[in-house]
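1. Requesting a structural model of the entry that follows:
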Amino acid sequence: MDRLQIANGWTPARLVALRTEMDRHGLDGFIIPRWDAYQSEYCVVADERLAWATGFSGTWGLAIVTRDHGAVFVDGRYTVQAKAEVSASHFDQCHLYDQPPELWLSANAAEGQVFGFDPLILNPVVHDQIKPALTGKGATLVPTRANPIDMAWNDRPENPVKPAFPFPIERSGESSSSKRQRLAARLKASGIDLLVESQSDNVAWLLNWRGDDVPDNPMVQAFVLVDAQGDVEAFVDTRKLGNDPSIFELADVTLSDTSLFLERLSQRLKGDETVSMDPKFSPVGAAITAREAGAKVRIEANPLTALKAVKNPVELTGLRAANRRDSVAWVRFLKWLDAEVIQRPVSEIEAEEQILGYRRELDLFVSPSFRTIAGSDANGAMCHYNAPPEGGALITPDSLFLIDSGGQYLDGTTDTTRTVCFGSPSALWKKHYTLVLKGHIRLASLRFPEGTRGYQIDGFAREALWAHGLDYDHGTGHGVGHFLSVHEHPQRIGKDPVMAPILAGMTLTNEPGYYEAGQYGIRIENLCEVVADGNGFIRLRDMTLVPLDRKLIDPDLLTADEIAWIDTYHTRVRTELLELIQNTGEAEWLIANTEPLRP
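-> Residues are numbered from 1 along each chain as shown. Predicted coordinates for the structure are as follows:
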């Protein structure tokens, strides 16, 4: 069973069961975030509470269920998908930012009502946005001892117990002890006595371990408390560490059971400590616990997240190599798809399985880095669409096909999107594709000061679309981990004012897009490293080396510099990948698809 199957199995009977449990808990409403106790975008099946309660299968969103109604809140990636999946008879469908939960509550909550939330799942930002809206209506927001969804979900699966494994210094580039001391120095300099950490990718990076708790995310679900001396208490199911925990770098790490996390946090505080936790990526229950113990709680950007984001030379070398190999899988896949679609329709699920098959033949491959988004025609307009098991839509010679796919390798993580066609594209397809490409090139060519925030450069990727009255409702770039999460924080390029500075050594995707609901979607995504460019400036350097679809490019919409960029990129793609491609037919396809745009 997976998230999509849970969502597809939704019926109103689930709401009846949930409301029965809410009534038992004395609740008039319940807040249901998409994430889990580790604030993860990707969850184990048992934590897919939003999908179970609403039928929405996306990886980001929130719902509110009351005694007689409800609302689902999603961002621009999921507005089309939510309309298709969520019952309009049972839920209002709202934009997470334009019509946020606090606005809905201000209109729908009533005096005396009690709204509950799971304190290990809700984060401080959402909690602090929702609470004043309820207070203003004379309602209250309370933590629950148990999650009523877990009580109502009769066939809820058990959490998996999968083995963790050490991530050696040959791959990590730095010992866990060194990382802990660097983190402790930051904590001490900032006046922080104790850091609360719940993000599994941060914990994996800090302790130099990896795991398989969540599909496609090589991490171990765990919490840690880190003090200013570098002492660490890790909360983990120790069965995952096997019979010989000495193979991990844990000689000076205290191990406790996951269930003791909040209890031990309370026990460690004497009443005068300063405790730090992230506003978006920590459980608000930890903040409540620390305040009740008398500690000073600072809700602020996580220093561990910032340390992890800047890759060391070993990590960068691995990421470059992983992306080069992954690009070979892309070339093999695109050549196969070109030839196959001309002969017969190909289903979306078959395309997804084919690119996975090519990855499995590569050295150091472990798993996909996320479920491949393979959307033909109208399905491509749903930014995070997944094909159903029965096959999904067909890709034909007349299709515009978007595929967003990546891999987890022992030396790095990859994430690439290409949009392709097979026959003669319409003038409108070419126009929209080329406008997206112009934005991609503009960002790829940009030289900007180190420390710039992503929102300060986001408009460069949108400028060409804006000139034609067009836009896209998702971010332009996100961080990618080193054999960790495909969506890594804090670095980001987007409209929202994320204050994390962009620094050399970080990774960022460059992925503008354009979507015509019900017709097609276009996105072009490369993974890049941020490199120094002299005099305090930085730029993006592509690690993804996959040809662009030249059939979709309208050269008349491009400047001479933009054409030169495309030709230079394709020359690099050809040069570097021909060294890795053994098959003559695949080499010929690569050469043909990296010819100069205007010979």
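2. V203 - how many residues pack around it?
-> Taking other CB atoms under 10 Å as the neighbour definition, V203 ends up with a count of 25. The way it works is simple: take the backbone N, C-alpha and C, and place the C-beta from them, glycine included.
3. For it, I want the exact helix or strand it lies within.
-> Taking DSSP states H and E as the criterion, V203 maps to helix 200-207.
4. State the mean pLDDT of that helix.
-> Helix 200-207 carries an average pLDDT of 98.
5. Pull out the buried positions in whichever strand or helix holds R462.
-> Here R462, judged by DSSP H and E, is contained in helix 458-467. Burial within helix 458-467, assessed by neighbour count using 16 or more other CB atoms under 10 Å, is assigned to D458, F460, A461, R462, A464, L465.
6. can you tell me which residues contact R24?
-> Contacts for R24 were tallied using CB atoms under 8 Å, 6 or more residues apart in numbering; they are P148, M151.
7. Give me the distance between it and D47.
-> Plainly put, R24 is 22 Å away from D47 if you go by CB to CB, to the nearest Å.
8. Then A461?
-> 33 Å.
9. what does V331 give?
-> V331 sits at a distance of 37 Å from D47 (criterion: CB to CB).
10. can I assume T66 is in contact with D28?
-> Yes: counting by CB atoms under 8 Å, T66 touches D28, with 6.2 Å between them.
11. Between these two, which contacts overlap?
-> Overlap between the neighbourhoods of T66 and D28 is empty, taking contacts as CB under 8 Å, 6+ apart.
12. could I get the buried residues of helix 458-467 as CSV with pLDDT and distance to S89?
-> Shown next, in CSV, are those (pLDDT from 0 to 100; distance: CB to CB, whole Å):
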residue, pLDDT, distance to S89
D458, 98, 37
F460, 98, 43
A461, 98, 39
R462, 98, 36
A464, 98, 41
L465, 98, 36
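13. Which residue ranges of the stretch 151-300 of the chain form helices?
-> Assignment of helices within the stretch 151-300 of the chain using DSSP state H, counting those that start in this stretch yields the ranges 169-172, 176-189, 200-207, 261-268, 284-292.
14. any idea which of those helices is most buried?
-> Counting by mean count of other CB atoms under 10 Å, helix 200-207 has the highest mean neighbour count of the helices of the stretch 151-300 of the chain, with a mean of 26.
15. hang on, the earlier thing: need the helices of the stretch 151-300 of the chain in CSV (columns: distance to R453).
-> CSV is the format used below for the helices of the stretch 151-300 of the chain (distance: least, CB to CB, whole Å):
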stretch, distance to R453
helix 169-172, 28
helix 176-189, 20
helix 200-207, 21
helix 261-268, 32
helix 284-292, 26
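16. if we can go back for a sec, most widely separated two among the buried residues of helix 458-467?
-> Distance extremes for the buried residues of helix 458-467: the farthest pair is D458 and A464 at 13.3 Å, using CB to CB.
17. what residue is smack in the middle of the chain?
-> Using CA atoms, centre = their mean, the residue of the chain that lies closest to the mean C-alpha position is H487, 3.4 Å off.
18. residues contacting L250?
-> Contact analysis of L250 by CB under 8 Å, 6+ apart lists L207, A234, L241.
19. again, only this time at 10 Å
-> P166, S176, L207, N208, W209, V232, A234, V236, L241 (CB atoms under 10 Å, 6 or more residues apart in numbering).
20. and if you look at T416?
-> If a contact means CB under 10 Å, 6+ apart, then T416 has 323, 326-327, 329-330, 355, 403-407, 509, 511, 524-527, 543-546 as its contacts.
21. Read off the pLDDT value for it.
-> 98.
22. and P547, what does it touch?
-> When contacts are counted by CB under 10 Å, 6+ apart, P547 is found next to 327, 330-331, 334-335, 418, 420, 566, 569-570, 573-574, 577, 589-590, 592-595.
23. For ChimeraX, write a command that selects the buried ones of these.
-> A single ChimeraX command is used to select the members of these judged buried by 16+ other CB under 10 Å:
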select :327,330,331,334,335,418,420,566,569,570,573,574,577,589,590,593,594
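24. The helices of the stretch 151-300 of the chain: which one's closest to V366?
-> Nearest to V366, of all the helices of the stretch 151-300 of the chain, is helix 169-172, at 12.0 Å by CB to CB.
25. Send over the closest one as CSV, restricted to the C-alpha atoms.
-> Below are the C-alpha coordinates for helix 169-172, written out as CSV (Å, rounded to 0.1, in the frame of the first residue of the first chain):
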residue,chain,number,x,y,z
ILE,A,169,34.2,9.3,5.8
GLU,A,170,35.3,8.2,2.3
ARG,A,171,31.9,9.2,1.2
SER,A,172,30.9,11.8,3.7
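26. can you list the residues that contact it?
-> Counting by CB under 10 Å, 6+ apart, helix 169-172 makes contact with 166, 175-176, 178-179, 204-205, 208-210, 249, 312, 314-315, 318, 364, 410-412, 482-483, all of which sit outside it.
27. Okay, and which of those residues map to strands?
-> In strands, defined here by DSSP state E, the members of the contacts of helix 169-172 are P166, W209, R210, G412.
28. what's near enough to touch the nearest residue to the last one once chain neighbours are set aside?
-> If the residues on either side of it in the chain are set aside, G412 comes closest to A322, at 3.2 Å by CB to CB, 6 or more residues apart in numbering. The neighbours of A322, taking CB under 10 Å, 6+ apart as the test, are 362-365, 369, 406-414, 482-483, 527, 543.
29. can I get the CA coordinates of stretch 259-269 in CSV?
-> What follows is stretch 259-269 as a C-alpha-only set of coordinates in CSV (Å, rounded to 0.1, in the frame of the first residue of the first chain):
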residue,chain,number,x,y,z
SER,A,259,9.1,7.5,22.5
LEU,A,260,11.1,9.3,25.2
PHE,A,261,11.9,12.4,23.1
LEU,A,262,9.7,15.0,24.8
GLU,A,263,10.1,13.4,28.3
ARG,A,264,13.9,13.6,28.1
LEU,A,265,13.8,17.2,26.7
SER,A,266,11.8,18.2,29.8
GLN,A,267,14.2,16.3,32.1
ARG,A,268,17.3,18.0,30.7
LEU,A,269,16.0,21.5,31.2
